[in-house]
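[1] kindly generate the corresponding structure for this input.
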Amino acid sequence: MRVLVILMLLTSVARAQDEFEIQVYDVETAHQGESGIELHINEHLFHDRSDETHTTFEPHYGIREWLELGGYLQASVASGERYYFADAKLRLKARMPHRYWNERVGFAINGELSAVPSQFEPNVYGSEIRPIADMRAGRLYAAVNPIITFDLGGDLAGHPQFEPCAKLGVFVTDSLGFGLEGYAAFGPLDDLGSEEVERGFVTLDYRARAWDVDFGVGANRGSPDHPVFKLILGIHP
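    Presented below is the predicted three-dimensional model:
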């Protein structure tokens, strides 16, 4: 119940966040020497300008059992127009080697560097530190990512911003689960609460041995970018 209350609080102050990757991270990393890829598709319907689709290819590779290197190749297309390359991001994710509290709780941290055209990110250059905590207790799953972002250019350069997100899910079978996700942005740490737009999702998760799917439907309040459909297809042979 406390996790659900936190999730609702997070969504009550959200703004439009990353349009290419709408995801709450878990703590898992690829095994050493193993690779995989994720495809992210985010569709914004009934936008004031036109329908918009954002796609991201995210390959990753296990450097160590506890350390993963990943990257993003991003593109965007509006209805009836051609794709626009939206540049790339590089990330490094490290996790604690063991889970705690009888193997229920895990911890990790993810760092990113990005260079995104100004039409998608006004600051162009940015970075992110994403602490990750998740819990698996029976069929219950919960994760929290208290993200700190850093614009490396633009008006907010030098003003770290707090953008937490969280997920609460229940797996009805070993493979199939349903959940709620909330995304928030409180603005710069020296001006918390300066932005207020909500984003929340209802999600369906399916896990197989070599692939998984995360599908969600969500909406914003205080922004024209709604409803939002997201699909994440992961392949990890």
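
[2] residue ranges of the helices in the protein, please?
    Using DSSP state H, the helices of the chain run over 2-11.

[3] show me where pLDDT drops low in it?
    Low-confidence segments of the chain (pLDDT under 70): 1-18, 46-51, 79-81, 118-122, 193-197, 221-226.

[4] my read is that residue 233 contacts residue 211, right?
    Yes - the pair residue 233 and residue 211 passes the contact test of Cβ atoms under 8 Å, sitting 7.0 Å apart. All C-beta atoms are positioned from the backbone trio N, CA, C, and that covers glycine.

[5] residue boundaries of the strands in this protein?
    Using DSSP state E, the strands found in the chain span residues 35-44, 52-64, 67-78, 84-95, 105-115, 125-137, 140-151, 161-171, 176-183, 187-188, 198-207, 211-221, 228-235.

[6] need those in JSON lines (columns: mean neighbour count and distance to residue 26).
    Below are these laid out as JSON lines (neighbours: other Cβ atoms under 10 Å; distance: least, Cβ to Cβ, whole Å):
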{"stretch": "strand 35-44", "mean neighbour count": "18", "distance to residue 26": "12"}
{"stretch": "strand 52-64", "mean neighbour count": "18", "distance to residue 26": "13"}
{"stretch": "strand 67-78", "mean neighbour count": "18", "distance to residue 26": "12"}
{"stretch": "strand 84-95", "mean neighbour count": "18", "distance to residue 26": "9"}
{"stretch": "strand 105-115", "mean neighbour count": "18", "distance to residue 26": "8"}
{"stretch": "strand 125-137", "mean neighbour count": "18", "distance to residue 26": "5"}
{"stretch": "strand 140-151", "mean neighbour count": "19", "distance to residue 26": "6"}
{"stretch": "strand 161-171", "mean neighbour count": "21", "distance to residue 26": "9"}
{"stretch": "strand 176-183", "mean neighbour count": "20", "distance to residue 26": "12"}
{"stretch": "strand 187-188", "mean neighbour count": "17", "distance to residue 26": "27"}
{"stretch": "strand 198-207", "mean neighbour count": "19", "distance to residue 26": "11"}
{"stretch": "strand 211-221", "mean neighbour count": "17", "distance to residue 26": "11"}
{"stretch": "strand 228-235", "mean neighbour count": "18", "distance to residue 26": "11"}
